[in-house]
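> build me a structure from this.
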Amino acid sequence: MELQRRQDQGFSERKGQNRKPEEELEEKSEISAPPPTGRVPDALLPNMKAYVGILESTFSWTESDRAAAKRAAHFLAELAKNEEVVNLIVEGGAIPALVKHLQAPPSCGDDAAEKPFEHEVEKESAFALGLLAVKPEHQQLIVDNGALKHLVDLLKRHNRSPTSRAVNSVIRRAADAVTNLAHENSNIKTCVRMEGGIPPLVALLGFTDIKVQRAAAGALRTLAFKNDENKNQIVQRDALPTLILMLRSGDPAICYEAAGVIGNLVHSSPNIEKEVIQAGALQPVIELLRSSCSESQRAVALLLGQFTATDSDCKLHFVQRGAVPYLIEMLQSDDVELKEMSAFALGRLAQEINNQADIAYNGGLETLLKLLDSKIGSLQHNAAFALYGLADNEDNVSDFITVGGVQKLQDGEFIVQATKDCVAKTLKRLEEKIHGRVLNHLLYLMQASDKAVQRLVALALAHLCCVGHQRLIFIDNNGLELLIGLLGSSSRKQQLDGAVALCKLAKKVMNLSPIDAAPPSPTPQVYLGEQYVNNATLSDVTFLVEGKRFYAHRICLLASSDAFRAMFDGGYREKDARDIEIPNIRWEVFELMMRFIYTGSVDVTQDIAQDLLPAADQYLLEGLKRLCEYTIAQDMSLDNVSSMYEFSEAFNAILLRHSCIVYILEQYDKLFSQPGHSHMIQRIMPEIHEYFTKALMKANTVSVIARS
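Alright, predicted model coming up:
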């Protein structure tokens, strides 16, 4: 089963990776810049074009040109923070001008002389281009204007200049620009590698400035996502030892970025995953689960899930090193993404049988079940996938049931179809475990535990047990009494749970036994046929119905029912009478009844069924009575089920009565608000008990015969 997860977004180009780099506190604007959001005053648009012109005309080392170029690039960067005007900036020709200033102007002749605003114009230009690259449609345009080569040169600038705040800033802005240019752009990721951008970024992981480390890691994180050539080069440049050291950094942001890079390196790359593990990543990852920084915890939880995708030994190592309690604790965080990543990791761990009992023992089962109530589809699904894994272990089945897990799985409102499918498979997996020692344990709990646990077990077994075990569970071990007892509870939820379980039980029984199924046409016998219905030919008895004569034949009537046999063979006055009056049946009803006697089948419609059934009952025509019961039951509704039940009692219509019972159980929640609901339930309780007792006994007998 494939887990729905944020893996494709997770360690990769999540929202935070395509980012607008933070401002440095020491940098103050020298011009009146617009706010980051909101409508840009129309007066600023001419300024924007003017500053583009300045950039185009100030590419020299003169102090005035450098100062003007710095102001212009800074203005455009401030303006680009407002995404509403980014397109206008691009349309105004800013990209070629900014790319031009990513490099230093031509030498002024004296290389030893102090250069005005050295690194600062390049920094502002890289910053502005990084902000413009937030929009994907501008990424390729920036690259086509030659930005990558200059950005890579900026990444190497520390090799040619003494380390200073200005050098660090320009490197960081260049790394951020690379991150945003390559965001979700496979072609540009490859171009960065072809331009030689990966080696300097790997080298910068060990830089003394923490902000530079973070920026370099962020760029590598993006470049590694779904690009095998980039992954391999990052590993070949010996990035892993430094990244693992970064996991042990005291800076949460450094840990977060390092985990992100490693996560994208190992994603779908088993060989790199082995190298990462051999390099010693397991222990730092587990230690970061204890971090007070939720971002770091999220990153390593997802990384842990990545590690455990296919490697069983790796899963076992994480559990042995104490990862499970921390992951379960994270499930209870207020941070939704942290819960999601923890559930993802536990889901992966739970697919290994040696880990399943450990997760449940540490409280993971109940916590994961609570997450099924989430309104966030991915979190809900990750929890469902983890529960699917836990259900594979027989030792967890009773815990699933006694904490109400089966009801939670059945009653949950699941957002995506994949989650619904996962839950259905989990219930099926639990169902397959209900035998042998698991069943014996549950039967013991149903006898020896407190009432609440007994009821939970009975409810779960009604849904999960096979037909062959129904008598053992519900007759021999009192399960039926527990379920019926719920119908008398003062809790509406308990009543509904009991009704649903009994309904499920009834349907299982009906699938095996025809006790409540629609009757087939009566078995063909020797009938006189349609042509003799109300035919005077050879008639030897006449019925008077509503003043009209109906011609019949004693031999046919004697063969049809015990009632007619007693009438003609017994001591009744009708024995020798030529004309017999029928005072209480309408002509249409009597005619249809006789047609059934002569042919063995009739079409019973709704408008006549309730009149025909009493006649069939009176004359002991069981086949016709069953047809009437079946027809009447098809018209059952919330409004008439009570009266139908009374009707079934009046004429001993057992199949109709059973149909009423099943309908009441099916529609229990809707019937709850109907007047007289409680009284009706109490009244029919003995019949419910009798129905299920007979049905379960009969179904068990049929099951035994079928197996033999």
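> quick one, phi/psi of residue 682?
Note on residue 682: backbone dihedrals following degrees, to the nearest 10 are phi -60, psi -40.
> oh sorry, the question was meant for residue 581
Here residue 581 shows phi and psi, under degrees, to the nearest 10, equal to phi -90, psi 130.
> can you check the one 5 residues further on too?
Summarising the backbone geometry of residue 586 under the convention degrees, to the nearest 10, its torsions are phi -70, psi 160.
> which parts of the helix or strand encompassing residue 648 are buried?
For residue 648, the host element (DSSP states H and E) is helix 641-650. By 16 or more other Cβ atoms under 10 Å, the buried positions in helix 641-650 come out as 641-642, 644-645, 647-649. All C-beta spots, glycine's among them, are computed from the backbone N, C-alpha and C.
> quick one: mean pLDDT over it.
Across helix 641-650, pLDDT averages out at 93.
> could you dump it to CSV, C-alpha only?
Presented in CSV, the C-alpha positions along helix 641-650 are these (Å, rounded to 0.1, in the frame of the first residue of the first chain):
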residue,chain,number,x,y,z
VAL,A,641,-42.9,0.4,10.0
SER,A,642,-44.7,0.5,13.4
SER,A,643,-48.1,-0.3,11.9
MET,A,644,-46.5,-2.9,9.6
TYR,A,645,-45.1,-4.6,12.7
GLU,A,646,-48.5,-4.6,14.3
PHE,A,647,-50.0,-6.0,11.1
SER,A,648,-47.5,-8.8,11.1
GLU,A,649,-48.4,-9.7,14.7
ALA,A,650,-52.1,-9.8,13.9
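> list of residues touching that helix?
Outside helix 641-650, the residues within contact range by Cβ atoms under 8 Å, 6 or more residues apart in numbering are 610, 629, 632-633, 636, 653-654, 656-657, 660, 663-664, 667, 671, 676, 680, 684.
> wait, what's in contact with the residue nearest the centre of the chain?
Centroid check for the chain by Cα atoms, centre = their mean gives residue 419 as the closest residue, at 2.7 Å. Residue 419 sits next to 4, 377, 380-381, 384 when contact means Cβ under 8 Å, 6+ apart.
> for it, which non-adjacent residue is closest in space?
residue 381 (4.4 Å; Cβ to Cβ, 6 or more residues apart in numbering).
> so that neighbour, which state does it fall into?
helix (DSSP: H, G, I helix; E, B strand; the rest coil).
> what number of residues lie near it?
29 (other Cβ atoms under 10 Å).
> what does the one 3 residues further on give?
The tally of other residues near residue 384 (other Cβ under 10 Å) stands at 30.
> any idea how far residue 449 is from residue 398?
Applying Cβ to Cβ, to the nearest Å, the value for residue 449 to residue 398 is 10 Å.
> which is the succeeding secondary structure element to the helix or strand of the chain with the lowest mean pLDDT?
In the chain, the helix or strand scored least confidently by mean pLDDT, DSSP states H and E is helix 312-320, which has a mean of 73. Using DSSP H and E, the helix or strand that follows helix 312-320 in sequence is helix 323-331.
> quick one: buried residues of that following helix?
Those buried within helix 323-331 under the rule 16+ other Cβ under 10 Å are 323-331.
> now swap in stretch 611-627 and tell me
Residues of stretch 611-627 classed as buried by neighbour count (16+ other Cβ under 10 Å): 611-619, 621, 623-627.
> likewise for stretch 267-281?
In stretch 267-281, counting by 16+ other Cβ under 10 Å, buried: 267, 269, 272-273, 276-277, 281.
> same list, those residues, but as a markdown table with distance to residue 224 please.
Formatted as a markdown table, those follow (distance: Cβ to Cβ, whole Å):
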| residue | distance to residue 224 |
| --- | --- |
| 267 | 8 |
| 269 | 9 |
| 272 | 9 |
| 273 | 13 |
| 276 | 12 |
| 277 | 17 |
| 281 | 15 |
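> out of the residues you listed, list just those in helices.
Applying DSSP state H to those, the entries found in helices are 272-273, 276-277.
> for those residues, give me a markdown table that also has distance to residue 127 and pLDDT.
Converted to a markdown table, those look like this (distance: Cβ to Cβ, whole Å; pLDDT from 0 to 100):
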| residue | distance to residue 127 | pLDDT |
| --- | --- | --- |
| 272 | 33 | 91 |
| 273 | 36 | 86 |
| 276 | 33 | 89 |
| 277 | 38 | 85 |
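> of the residues you listed, which is the nearest to residue 462?
residue 273 (44.9 Å; Cβ to Cβ).
> show me the helices in the stretch 551-700 of the chain, by range?
Counting by DSSP state H, counting those that start in this stretch, the stretch 551-700 of the chain has helices at residues 554-560, 562-569, 587-599, 606-618, 622-633, 641-650, 654-666, 668-671, 677-707.
> show me what the fifth one is in contact with.
Residues lying outside helix 622-633 but in contact with it, judged by Cβ under 8 Å, 6+ apart, are 518-519, 522, 593, 596, 600, 602, 604-606, 609-610, 612-613, 616-617, 644, 647-648, 653, 655-656, 659-660, 663.
> pull out the buried residues from those.
Among the contacts of helix 622-633, the ones that count as buried (16+ other Cβ under 10 Å) are 519, 522, 593, 596, 600, 602, 604, 609-610, 612-613, 616-617, 644, 647-648, 653, 655-656, 659-660, 663.
> tell me who's in contact with the residue nearest to residue 406 when sequence neighbours are not counted.
The shortest distance from residue 406 to any non-neighbouring residue, by Cβ to Cβ, 6+ apart, is to residue 460 (4.1 Å). Listed by Cβ under 8 Å, 6+ apart, the contact set of residue 460 reads 400-401, 406-407, 442.
> among those residues, which two are most distant?
Maximum pairwise distance among those (Cβ to Cβ): 15.0 Å, between 407 and 442.
> more crowded one of these two?
Remark: of residue 407 and residue 442, residue 442 carries more neighbours, 26 against 19, as counted by other Cβ under 10 Å.
> so how far is residue 505 from the more buried one?
Distance from residue 442 to residue 505, by Cβ to Cβ: 16 Å.
> same deal with residue 468?
Taken as Cβ to Cβ, the span from residue 468 to residue 505 is 14 Å.
> cool, residue 365 as well?
26 Å.
> compare those two (neighbour count), which wins?
A side-by-side neighbour count of residue 365 and residue 505, using other Cβ under 10 Å, places residue 505 first with 27 against 23.
> so who does that one touch?
By Cβ under 8 Å, 6+ apart, residue 505 lies in contact with 462, 470, 474, 483, 692, 696.
> the fourth one: neighbour count?
Other residues near residue 483 come to 25 when the count uses other Cβ under 10 Å.
> name the spans of the chain whose pLDDT lies under the cut-off.
1-44, 108-113, 309-313, 511-526, 570-577, 699-708 (pLDDT under 70).
> quick revisit: correct me if wrong: the residue nearest to residue 419 contacts residue 420.
No. Look at residue 381 against residue 420 with Cβ atoms under 8 Å: they stay out of range, at 9.7 Å.
> just want the angle from the helix holding residue 648 to helix 622-633.
Between helix 641-650 and helix 622-633, the angle comes out at 170 degrees (axes from the mean of the first three to the mean of the last three Cα atoms, to 10 degrees).
> and helix 641-650, how far from the chain's centre?
43 Å (Cα atoms, centre = their mean, to the nearest Å).
> for stretch 475-493, same thing?
That offset, for stretch 475-493, works out to 31 Å (Cα atoms, centre = their mean).
> pull that stretch out as CSV, backbone CA atoms only.
C-alpha atoms of stretch 475-493 as CSV (Å, rounded to 0.1, in the frame of the first residue of the first chain):
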residue,chain,number,x,y,z
ILE,A,475,-25.2,-17.7,21.8
ASP,A,476,-22.7,-19.7,23.9
ASN,A,477,-20.8,-16.6,25.2
ASN,A,478,-23.6,-14.2,25.7
GLY,A,479,-22.7,-11.8,23.0
LEU,A,480,-26.3,-11.4,21.8
GLU,A,481,-27.4,-10.3,25.3
LEU,A,482,-24.7,-7.6,25.3
LEU,A,483,-25.8,-6.3,21.9
ILE,A,484,-29.5,-6.3,22.7
GLY,A,485,-28.8,-4.7,26.0
LEU,A,486,-27.3,-1.7,24.2
LEU,A,487,-30.7,-1.0,22.7
GLY,A,488,-32.0,-0.3,26.1
SER,A,489,-29.1,2.0,27.0
SER,A,490,-29.8,5.6,28.0
SER,A,491,-27.0,6.6,25.6
ARG,A,492,-28.2,7.3,22.1
LYS,A,493,-24.7,6.5,20.8
